[in-house]
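1. Sequence and predicted structure, then a few things I'm wondering about:
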Amino acid sequence: MNHPFLQFNPNDEREALCIPKRDALWARRGQFGVPRWLDWEVMQELNQYDRLENMMSRPLINLVGCNRPVYLELTIEFFASYAYEKPVAARRPKFRYKDRIAFRLCGRWHRWSVGRLGRRLGIYTREDMDDPNVFTEQFTFPSDAARDEFWALNAVGDPYNPRMSKASRLKDPLVRVMHHVFSHSICGRMDSLGNCPTPDLIFLYALVDKAPINLAARMAEYFVKCSGRTLSSQIHGESHADHRGGPY
């Protein structure tokens, strides 16, 4: 842990808060999950390439296709320092310009908007950034009723329960495959992978219903939680944490 990027100043209020997080992540460094991404060749072998390509929006394809090198020290520095000011869902948050994200990388602190995060993750193109509507999209279900209705239409068995509902109850085999992809990448975790909690369901909502989901806002929130709920949890998100594109 002598790498310069892992050194935080204990006399600096902001950096001192990162030290316990850094220490915990370093102690768990063997629990970083293996980076995974969507393999389109496998989809071709399953004869699902064309169908899946038609289902997925281009930003979603960009997000799940992230396949970049991972660097342990940079990942730990990023996760240890990362903070996100999540907006209140009932309001109309200004994702494009308001700096809601703070993190340190390569020893330098940054404050970004969700829009900038989406651009640097490769979710959105430069042309997307010129679209005034791209960041007015919802970042969660419009209501619990809409979430429950989506599950009822696409799964069999009991009504939706965020803690109990299983992906195996999804009717469409391709949707089950994509849940597996999501739960190992952009919703990555190793705690009950067979479950289908609300964050997973939001991405399925974007896939199946082509719902206009703000993917950058979803990733901004995901980075807060991707180290898992317990000390034994595997840590995911490193492919996207190390994929912020280009020099700073």
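-> Now that the structure is in, tell me what you want to look at. Numbering: from 1, shown residues only.

2. does residue 21 count as helix, strand or coil?
-> Following DSSP: H, G, I helix; E, B strand; the rest coil, residue 21 is assigned to helix.

3. which ones are touching it?
-> Contacts for residue 21 (Cβ atoms under 8 Å, 6 or more residues apart in numbering) come out as 79, 80, 81. From N, CA and C alone the C-beta is placed, and that goes for glycine too.

4. let's go with 7 Å and repeat that
-> By Cβ atoms under 7 Å, 6 or more residues apart in numbering, the contact list for residue 21 reads residue 80.

5. how close does residue 175 sit to residue 44?
-> 18 Å (Cβ to Cβ, to the nearest Å).

6. which one of these two has more residues nearby?
-> It is residue 175, of residue 175 and residue 44, that has more neighbours when counted by other Cβ atoms under 10 Å, with 18 against 12.

7. Give me the buried stretch members for the helix or strand where residue 146 lies, please.
-> Per DSSP states H and E, residue 146 falls inside helix 144-154. Counting neighbours by 16 or more other Cβ atoms under 10 Å, one finds that the buried residues in helix 144-154 are 147, 150, 151, 154.

8. ok, now stretch 154-173?
-> 154, 155, 160, 165, 166, 167, 169, 170.

9. thought the fourth one was touching residue 196?
-> Yes. With the criterion set as Cβ atoms under 7 Å, residue 165 and residue 196 qualify as a contacting pair; they are 5.1 Å apart.

10. quick revisit: with secondary structure as extra columns, can I get the buried residues of stretch 154-173 in TSV?
-> Output for the buried residues of stretch 154-173, formatted as TSV (three-state DSSP):
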residue	secondary structure
154	helix
155	strand
160	coil
165	coil
166	strand
167	helix
169	helix
170	strand
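
11. Just send those back as TSV, with pLDDT and distance to residue 225 too.
-> Listed next are the buried residues of stretch 154-173 as TSV, based on pLDDT from 0 to 100; distance: Cβ to Cβ, whole Å:
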residue	pLDDT	distance to residue 225
154	97	24
155	96	24
160	96	20
165	93	19
166	93	20
167	92	19
169	96	24
170	96	23
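
12. I'm done for today, thanks for sticking with me.
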